[in-house]
Each structure stands twice: as C-alpha cells, then as structure tokens.
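Colleague: after the sequence you'll find the predicted model.
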Amino acid sequence: MKTVLGKIHLRWCETCNVPVLDKECSKCGNKTFEVKVTPPADARPAFENDIILINETLHNQFGITENIFENKVALVNKVPGTEYMQEIILDGQVVGILNYNEKSCQWKVIPTIEGARRFIETVNKKIIVIKNDVPPYILKGASILRPGLAYASPDIKTDDDVIILVENEELISKYGDVNGVYTDLLEKTPLEIDASKMDILGVGRARMDYKEMIDAQKGMIAKVRKSEEPRPANTNPVTSDFKTMVEANKTPMDKFETQAVGFMRNTAEKINLPPTVAYSGGKDSLVVYLLARNAFNNDPEIEKSQASYEILFNDTGIEFDETLENIDIMEKHYGKEILRTKSSDFWELVKTYGPPSRDNRWCSEECKLRPLGDLIDAKYSKGCLTFVGLRKYESINRSKKPRIWQSPNIKKQTLAAPILEWTAMHVWVYILRNEAPYNVLYEQNFDRVGCFMCPAMETGEIELIKRNYAELWNKWESFLKQWAEENNYDDEWVKKGWKLKYPKDGKKRDNSDYTN
C-alpha cells in the first residue's frame, strides 16, 4: 500500500547525474526526470558506510567486486512496512532494495532490472540463463520451466534472488548442439560464463536449488518477479558528487529557505513569545537551527527580543556519545550557548518501569517531556515559542499536524514547524549547502539519531546498532535478559517481544503474543 504524505519532489538530472528537487537543473539548465520511488519518497543521500554495507551485501550475494557507486551520488529511500527495506537509487533509477531478512538473519539486496543491468558487468553468482526462444513466454507472465533452462549458477539455493539472462550466439556456438540440447552447460562454473555479454531479461526468485535443477526434467525452476524486453548492461558514465548536487538544487532550495525564514519571522511576531529552537542533534533540528540564524540574526528590523532566540537541548540519558559531542561542536562552531537539560538516570528508571514498549512509552514522558517542561517553566514565565524540525514525510501522524499548535504535554510551549513540507533531500541539500557540522552518526547507516534504543525500531535498525555499536547494544541486551529471567519471559521476548505488547502476568507466551 502506498503511503502518500505529500508531493513527491524527487527528480534527476541525467546530464549532471544528481538528484534535483525541481523540473529543471539549476547547474546545467536541463530538464529533469521523475525518480520512481516508493512513497512517501523521503530519500536521503547514501553516505560511505551505506555504500560499504550495500557493496558487502552485493559481493556476498552475487560475487560483485566492483564498486559501481564510486564517484557517484547515490540515495537510499526507506520503504514503509514492518521489515527494514531501503530502495537504492543510482543514476536516477532504483537498482535494488536493501533488506534485512529476519528469517535468515542476513542482509540482502533484492535487485531490480535496472540494477541487474548495472551489476551484470561483474556478477558471477545467482545467475539463470534461459534459451533464446523462451523470452516471449516470460514477457507474457510465464515462470521459468526446466526445459527452458540453459544455465544456472551452482551456488543457487531455493528462494535466492536471481538475475535472468538470455543466451547469446557465443553461448550457443560454444555449448549447444544442432538440436539445441546442452549436454554440459549446466556443469560449467560461473567464471566460464561471461554474463556481461548477455542481455538481461528480468529478475526473480529460485524455486529449486542448483542440484534440483540439474536432476529435474520438468517443473518451475524460478518465479519471475519482473521482466522487460531483453537489453544489455546499462549505466550512466557521468560522475558526480555532493557539491554538484548542491549546485543543481540552488533554485528550489532558495525558494524553500525564503518561505521557511518568512514563516519563522511572521510566527514570532504573531505569537509574541520568546522564540526558541528545539535542537536534538539530528538533521531536521539542525536545519531549523540554521534557518533561525537566518531569520533572527540577519534582519536589522527584527526586534532585539526576537533576535535573542535560544537553543534548547534535552539529554535523555541514552543518547549516543556522538550526539553529545555534536552539541559541543555546535556551540563552538556558531558561538552560541545551547541550554541543556537532562532526565533522571534512565538505567534507574527502567528498573522501576521496565523496558519501554510500543504500548508503554513511558520513556517519552519521563526522559523527554518532563525535564524539558521543567526547563521551560523555570526559564519562561509566560511560556515560549519553539520551532521544531517536524516534517510531514516522516509519518502519517506528522503529516496531519498543523504548522502551529499548542503542545499537549507542556502547557507553556507553543510549537511551530517551519520545515513541515521539506523532504529529507531538502534537509540534506540545505545542510551541505551551509557546510553545517551535522551529527556524524548519519555516516553510520542511520536514518535517525535519537536514543540508541527505541521500541519503534525495526529489526534491521537494531542490526545496524549491533554492527556499529555492539558494546552499547550488549549493555541493553544484558538488561533485557536479566528482566526476562526475573519475569519468566522467553528468548523470543528478549529478541523482539520487549518492544511490542507483552504479557504482564509473568507467564511465558508463545510467539503469537509478541504482536501489535
């Protein structure tokens, strides 16, 4: 089901080979084309560690050794759902989906046909080659049957994602007899098959493993997920970088900046309360911070009281060290103090309340709202106006928010969202354009950089924490195991049940209890 939360801005300039948030590229002036991503289309730039993870996965799956992302801007786009899935965008095309498979406990890339056309130059695993008279049937929706098979990689196992190729004249000449029967082709190793010279027909999933394919005389060997008229390898040779991306987006970003700055000034004048910015150490609040500097520091007509905006930061007690370091860096970089508050010790609170879960989010009240409310009560007798980095593309609930509203939890706080209509690409282009010191956690495969642990996290996100911050996650998992032992919960609860609804009566449950 599509989750449309707002206009899809993402387009691509083929000439500069970068994403553009407008119908024309600001750098070369050429028209751009729409990037067909899954809504809400909140794509972001892929950083070095994103590329490393994708390349590692492609190597493990398909034997790919070449870095096809080198010297190019790539994006990742989170797909809504219960599993961790990120569309991978290169040359303006979705080339695959990065997925953490909970069943196999492994990362995998589900390739698209466009991805297959880019991967095929160095692929030597997970290949199926069909005979040259079979494509018309596949294009009509048929699956691949054993009689139509010319070659299969020996590494193929049932349910593997596979790339489907069509035999060429060289292959027929080398291995085919006059009757079109292949006596030894299926026994050839991947290195003896030059996949880069064959046309790509589609992508699919194996329904037999290699040995079953060899032994079978009939039956379905692979289900075709997507097929198109056979075409050779394809890629855009133009290299690109973040600097080019920023230049290509000057016009749309000027427009969004002007609108947001105007909104902040008008709202501050209308509400007539001391303006503040809620800074969390994340990308969205960083953009609001930058906009506030523009709105209130750079206009001589702004009243002194409004120019004296303040920055508020709340330490929940389970922040990453990098986030706390970013607060210090921001103060030094911009020469402005950040007002800080901190919650009670989380590790003591959790002993009383138990692990926070999706049906018991006590952590939000105790670790975020209460300390921030105390700060506002003490600092602002009449209350304050707080600009926040809320964006409609983040969730259905946020898409329904007005642009200005009264906080339901902190009585003296009026909230306003200057970047409500911005996508993650607007945010990142603006940060890079201003060369702002963003939180380095974003370079560690993370879309969000809040608390290191959250019941809203998917299993794939937890795996990324384990991958990059194993010691931190081990501390949390040790607590979960102790809590489970004391309350007679099973291993499945430790694995994922803690973040969902779980039994309160101290009795073990089967897996069906750990559902929303």
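Modeller: Everything's here; your move. Bear in mind the structure is a predicted one, so any value in this text is a computation, not a measurement. Residues are numbered from 1 along each chain as shown.

Colleague: so where do the helices sit in the stretch 201-350 of the chain?
Modeller: Ranges of helices in the stretch 201-350 of the chain, per DSSP state H, counting those that start in this stretch, are 210-215, 242-248, 250-271, 283-292, 304-307, 321-334, 346-353.

Colleague: stretch 92-109: how far from the chain's middle?
Modeller: Computed by Cα atoms, centre = their mean, to the nearest Å, the separation of stretch 92-109 from the middle of its chain amounts to 11 Å.

Colleague: save the helices of the stretch 201-350 of the chain as CSV, and put in distance to Pro45 too.
Modeller: C-beta: built from backbone N, CA, C; applies to glycine. Below are the helices of the stretch 201-350 of the chain laid out as CSV (distance: least, Cβ to Cβ, whole Å):
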stretch, distance to Pro45
helix 210-215, 38
helix 242-248, 7
helix 250-271, 14
helix 283-292, 11
helix 304-307, 33
helix 321-334, 18
helix 346-353, 32
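
Colleague: out of these, nearest to Leu21?
Modeller: Nearest to Leu21 among the helices of the stretch 201-350 of the chain is helix 250-271; the distance by Cβ to Cβ comes to 4.3 Å.

Colleague: any regions of the stretch 251-400 of the chain where pLDDT drops low?
Modeller: Within the stretch 251-400 of the chain, the segments meeting pLDDT under 70 span 298-307.

Colleague: hmm, back to that, to Gly204, which of the helices of the stretch 201-350 of the chain lies closest?
Modeller: Nearest of those to Gly204, taken as Cβ to Cβ: helix 210-215 at 13.4 Å.

Colleague: Thr239 touches Cys16, doesn't it?
Modeller: No. With contact defined as Cβ atoms under 8 Å, Thr239 does not count as touching Cys16 (9.9 Å).

Colleague: looking at these two, which one has more neighbours?
Modeller: Legend: neighbour count by other Cβ atoms under 10 Å for Thr239 and Cys16, higher for Cys16 (22 against 12).

Colleague: so which helix or strand takes in the more buried one?
Modeller: In the assignment (DSSP states H and E), Cys16 maps to no helix and no strand.

Colleague: surely it touches Asp241?
Modeller: No. Using Cβ under 8 Å, Cys16 is not in contact with Asp241, being 10.1 Å away.

Colleague: in this structure Met330 contacts Arg340, no?
Modeller: No. Using Cβ under 8 Å, Met330 is not in contact with Arg340; the gap is 11.5 Å.

Colleague: who does the residue sitting nearest the centre point of the chain form a beta bridge with?
Modeller: By Cα atoms, centre = their mean, the chain has its centre lying nearest to Lys78, at 4.0 Å. Assessed by DSSP bridges, Lys78 has beta-bridge partners Gln86.

Colleague: need the pLDDT of it.
Modeller: Note on Lys78: pLDDT of 94.

Colleague: what sits against Thr65?
Modeller: Taking Cβ atoms under 8 Å, 6 or more residues apart in numbering, we find Thr65 in contact with His59, Thr122.

Colleague: mind redoing it with 10 Å?
Modeller: Neighbour list for Thr65: Asn55, Leu58, His59, Thr122, Val123, Asn124 [criterion: Cβ atoms under 10 Å, 6 or more residues apart in numbering].

Colleague: just Ile110 next, same as before
Modeller: Neighbour list for Ile110: 61, 85, 87-88, 96-99, 101, 161, 203, 205, 225 [criterion: Cβ under 10 Å, 6+ apart].

Colleague: do the same with Ile376
Modeller: Counting by Cβ under 10 Å, 6+ apart, Ile376 touches 274, 276, 312, 339, 341, 383-384, 386, 407, 410-413.

Colleague: from those residues, which two are the most distant?
Modeller: Top of the distance list for the contacts of Ile376 (Cβ to Cβ): Leu339 and Lys411, 18.9 Å.

Colleague: compare those two and say which is more crowded by neighbours.
Modeller: Remark: of Leu339 and Lys411, Leu339 carries more neighbours, 14 against 11, as counted by other Cβ under 10 Å.

Colleague: mind checking the SS state of the closest residue in space to Ile329 that isn't next to it in sequence?
Modeller: Among residues not flanking Ile329 along the chain, Pro437 sits closest, at 5.0 Å (Cβ to Cβ, 6 or more residues apart in numbering). Using DSSP: H, G, I helix; E, B strand; the rest coil, the three-state assignment for Pro437 comes out as coil.

Colleague: rewinding a little: find residues that contact each of Cys16 and Asp241.
Modeller: Taking Cβ under 10 Å, 6+ apart as the contact rule, Cys16 and Asp241 both touch Val73.

Colleague: give the burial count for Thr352, as a bare number.
Modeller: Around Thr352 there are 8 residues (other Cβ under 10 Å).

Colleague: doesn't Cys363 make contact with it?
Modeller: No. Assessed by Cβ atoms under 10 Å, Thr352 is found out of contact with Cys363, at 11.9 Å.

Colleague: A helix includes Lys481, no?
Modeller: Yes. Using three-state DSSP, the secondary structure at Lys481 is a helix.

Colleague: contact partners for it?
Modeller: Tyr489, Asp491, Trp493, Val494.

Colleague: quick check: it vs Asn474, distance?
Modeller: With distances taken as Cβ to Cβ, to the nearest Å, Lys481 is found 10 Å from Asn474.

Colleague: same deal with Trp405?
Modeller: 40 Å.

Colleague: show me the domain layout of the chain.
Modeller: 1-121, 122-232, 249-459, 469-513 (automatic domain parsing).

Colleague: now the end-to-end length of the longest one.
Modeller: Spelled out, that is domain 249-459. With Cα to Cα, to the nearest Å as the measure, domain 249-459 spans 34 Å from end to end.

Colleague: cool, thanks, talk later.
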